[in-house]
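**Q** I would like the atomic coordinates for the input below:
(3 chains)
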Amino acid sequence: MTGRLEIKTPPLFNFWRTVYSHGWCSLPPYFVDKEHESLSRLVELGDGTLIQCVMRPKPGGITVALHCQTSLAAGQKNETRNLLCVCLRLKDNLSEFYREAARDSKYRWIPKAGAGRLLRAPTVFEDVVKMICTTNCSWSLTEVMVRNLTTVLGKSLGDGLSAFPSPQAIAGTTEAFLRKHIRTGYRSPYLLELATLVAEERLDLESWRSSPLSTEELFKEVKSVKGMGDYAAGNILKLLGQYDYLGLDSWVRAKFYELHTRGRKVKDSTIEKRYAPLGKWRGLFFWLEMTRHWYDHKFPF
DNA sequence: GCGTCCAGGTCTACC
DNA sequence: GGTAGACCTGGACGC
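**A** Numbering: from 1, shown residues only, chains lettered A, B, ... in the order given. You can find the predicted model right below:
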């Protein structure tokens, strides 16, 4: 069965700049079809229904082609719409950030480009699992781990389409299984513990998106998850809409050295001091500055 | 083809 | 609070 959704987008929203805001668009179940200029992903509704969503931009909005095994009720379409709004950050209010950007000639390109919305998953669980899979390895290994998670443990719609696995699906495996079949290595016990805590409702990751905690307290809570250190927690906070941390890893450090110190290494505290005056948006300014070169291309990678 | 070395974040033990 | 070593994998390199 097929269906269609039309989603309105906020002012200054740029579809491709959101899709290519960071590497998530190249990790399944996201898929960028460069030939047909679309972003697709399989979403799973609360009732277990799987829907393949193929998104294309249009003036003032997004058109979504829906493919699933049964006809969709209005409520299911609404749930799909809400999930895609979450992924594309359509309800995030960036007007204050854009005002700040417009005040500084270095950053005036940001509102003009419609940049600043960082693509995320429908669930915090998926974002956290993926973030752990980016730690201490090459991007190609991250791709291997996430691909294995979806194809081996995710629900399948057929045609090679798989959803991201539920906490229960991961919790139902063993550390040895994750090591052998998912290739998550020493991260396996961390993923197993995380999935078990979430599956048994002893850890509510989804509440982080509306947490009453201060950013500093939330950062500590994110870091209390095994496998989540400074880098991973800082970047998860950005996906939660809090931009106080830079989330430094080897790639952004090297980019900073290239842009600001002629390749000379400096302490992390030196980098942090440079962005401190940018206040609560500093993590977003920093990330956009480091990836400014991506915005010269429709498909930067 | 095989063995060795290294890069990549986080955790734990130790000072 | 700071630091060293271990964790695991893929890729680069030398033989």
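**Q** interface residues of the stretch 201-301 of chain A facing DNA strand C?
**A** For the stretch 201-301 of chain A, no residues are found near DNA strand C under the criterion C-beta under 7 Å from any atom of the strand. In short, each C-beta sits where N, CA and C put it, glycine included.
**Q** gap between the closest residue to DNA strand C within the stretch 201-301 of chain A and residue A:276?
**A** Among the residues of the stretch 201-301 of chain A, residue A:269 lies closest to DNA strand C, at 9.1 Å counting by C-beta to the nearest atom of the strand. As defined by C-beta to C-beta, to the nearest Å, residue A:269 lies at a distance of 10 Å from residue A:276.
**Q** residue A:168 now?
**A** With distances defined as C-beta to C-beta, the gap from residue A:168 to residue A:276 amounts to 42 Å.
**Q** quick check: the residue of the stretch 201-301 of chain A closest to DNA strand C is in a helix.
**A** Yes - in this structure, residue A:269 lies within a helix as judged by DSSP: H, G, I helix; E, B strand; the rest coil.
**Q** what is the burial count for residue A:203?
**A** The criterion is other C-beta atoms under 10 Å. On that basis, residue A:203 has 21 neighbouring residues.
**Q** assumed it was part of a helix.
**A** No - counting by three-state DSSP, one finds residue A:203 to be coil, located in no helix.
**Q** what does it show for phi and psi?
**A** Torsion angles at residue A:203 (phi, psi; degrees, to the nearest 10) stand at phi -140, psi 120.
**Q** so it sits against residue A:195, correct?
**A** No - between residue A:203 and residue A:195 there is no contact under C-beta atoms under 8 Å: 9.8 Å.
**Q** sec struct for residue A:24, please.
**A** Per three-state DSSP, the secondary structure class of residue A:24 is helix.
**Q** wait, it touches residue A:121, no?
**A** Yes - checked against C-beta under 8 Å, the pair residue A:24 and residue A:121 is within contact range at 7.3 Å.
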